[in-house]
Structure formats: structure tokens, C-alpha cells
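> sequence and predicted structure are below.
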Amino acid sequence: MLTEQRFEKILALLEEKRSITVAELTAFLGISESTARRDITALDRSGKLTKVFGGAVAKDSSYVMQEPTVAQKVEIQKEEKLRIARFAADLIEDTDFVYLDAGTTTGYMVEFLAQKKTTFVTNAVAHAQRLAAQGNKVFLVGGELKSTTEAVIGAQAMETLQKYHFTKGFFGTNGISKTAGFTTPDAGEAQVKRTAMHQCRTGYILADSTKFGNISAVTFAPFGSGVILTEKTADGYEAGEHLIVCEA
């Protein structure tokens, strides 16, 4: 197949799916990974698509590159986040062993956890401090502290998490896409999220409706691998087994 023909097929596929991985391209076009990556790079340079970690997204897709600080995010969609957080907290039972991811919506969950007799593990320093102040039993994952999200990341954090087996985990995300899955801008944070998700019997993704259709640089879990908790559905996403609309 000629290069221009491959380019046309890639762009046609992106028009349909809005995002695509290198693996999907190799299977669809019958080409090597190196060829797929070169084609993506060439089309990115010509402005036809946007190259992302592990694949590409359509040029007009909402692509989130920068990670705002906690202070910048905490008041955004606050009422929606509180509704989701309250619903999520109500899912926790005394017999659970819970992982609580860093993030503003998971942070709002802490406000509703004072009466829980549950053991928590978190990679968020602020979450750990507040949980402990409420009298909860909490373990803080060790490792490198990322200043913008106040999350602990790195090899030490992942090694620790691999020893735990959580009944439930609650995670933040920067973007939700049926093709790209659950994404975040930082590769280090994505690795920790991925590791923790793998150790959870059930993983819940806490996301207000503005996150749907957004794609960040790194996928930490595929769509359908966790249960999404949100305040309302977005176009193309329906309530069901993998998506719950949190009632006010």
C-alpha cells in the first residue's frame, strides 16, 4: 500500500473513531508498529491529526495536555464533584479495604468519610492527613511527591501498591473516551493509577460530565474497565453497567 493511501485510511479511521492507537493501526492496515508511528508523526507534522502517547487523536478532538494544580481545579464544577463524591462515599462499607486516588473529586469524598470504619490507602498527602484527623485508619503510599496534583508517584509507590488487594478503589481522571479510555497528562501518575486499578476488585472513576470526550496524553485504564460515577450523561455515553449517574 502506498504511503498516501495509508494516510487516507488513517484519517478516515480517525474521522470515524476520533482516536486510534498504534496497535489498532497495525491491525487495521497490516503494517509494522514502526511504520504506523512514522505515519502518525508525518500526519502530525502536516497538521492533519494530533500525535499522542501510543497513538493519535483527530485534530478537532478535545486534547488535554496541561495538568492544572489542585488549587486551580478545586472550585471547578464543585457542586457536581460534591454530588459524585457523596454518592461514592456511600458505596463504602465497614468491611472494605479502599484505595483513594489523588484528585479534587476524591478529595471531596473525605468530607463524607468521617463515620466510616474502613481502612484506606492513598497516594495523596492531603487526603491522608484529613482521613487521619477524622480518626480513620489510613496508609500513605511512599515515593516521589508531584507538586501540581499533590500525588505520590514513582517506582516505590507502584511496588507498595502491588502488595495490596483492595475491595474498592476511587480514581480521578482528566479525560474519558471510548477509544482512548481513561487518561491523564502525566506518565508517572498514569503508572500509579494503572497499578492501583489492577489491585482493585472494583474500580470507580469519578468524573463530572465535562471530562467526557476529552483525551490526555496517557491512558491508565481502558474504557469499560471501571465503573464511571458522574452527575449526568454526555452525548454518546449512556447509563448502564459501567456508568452510574449520581442522584442529587
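Done, it's in.
> residue nearest the centroid of the protein?
By C-alpha atoms, centre = their mean, the mean C-alpha position of the chain lies nearest to T173, the distance being 3.3 Å.
> give me every residue that touches that one.
Going by C-beta atoms under 8 Å, 6 or more residues apart in numbering, T173 touches 182-184, 205-207, 211, 220. To be clear about C-beta, it is placed using only N, CA and C from the backbone, and glycine gets the same treatment.
> what number of residues lie near the residue lying closest to it once chain neighbours are set aside?
Nearest residue to T173, sequence neighbours excluded (C-beta to C-beta, 6 or more residues apart in numbering): F182, at 4.5 Å. Using other C-beta atoms under 10 Å, F182 is surrounded by 30 other residues.
> the host helix or strand of F182 packs against which elements?
F182 is located in strand 181-184, with elements delineated by DSSP states H and E. Strand 181-184 sits against strand 175-177, helix 187-198, strand 214-216, strand 218-221, with contacts defined as 3 or more C-beta pairs under 8 Å, 6 or more residues apart in numbering; DSSP states H and E.
> for the contacts of T173, which one is nearest Y164?
Comparing these against Y164 with C-beta to C-beta places F220 closest, at 17.1 Å.
> what distance do you get for that closest one to A114?
The spacing between F220 and A114, counted by C-beta to C-beta, to the nearest Å, is 29 Å.
> just want to know which of the two has more residues nearby.
Each of F220 and A114 has its neighbours counted (other C-beta under 10 Å); F220 has more, 27 against 13.
> hmm, the more buried one is touching G188, no?
No: using C-beta atoms under 8 Å, F220 is not in contact with G188; the gap is 10.8 Å.
> can you get me the start-to-end distance on stretch 142-160?
End-to-end distance for stretch 142-160, by C-alpha to C-alpha, to the nearest Å: 8 Å.
> ugh, typo on my part, it should be stretch 220-240
Distance across stretch 220-240, first residue to last, is 22 Å (C-alpha to C-alpha).
> contact partners of it?
Residues outside stretch 220-240 that contact it (C-beta under 8 Å, 6+ apart): 80, 83-84, 87-88, 171, 173, 176-184, 189-191, 193-194, 197, 202-209, 211-213, 241-246.
> which of these are buried?
Buried residues within the contacts of stretch 220-240, counting neighbours by 16 or more other C-beta atoms under 10 Å: 80, 83-84, 87-88, 171, 173, 176-177, 179-184, 189-191, 193-194, 197, 203-209, 211-213, 243-246.
> the residue nearest to T173 is in contact with F171, isn't it?
Yes: taking contacts as C-beta under 8 Å, F182 lies within contact range of F171: 7.5 Å.
> pull up the overlap in contacts between those two.
Residues within reach of F182 and of F171 at once, by C-beta under 8 Å, 6+ apart, are 193, 205, 221, 226.
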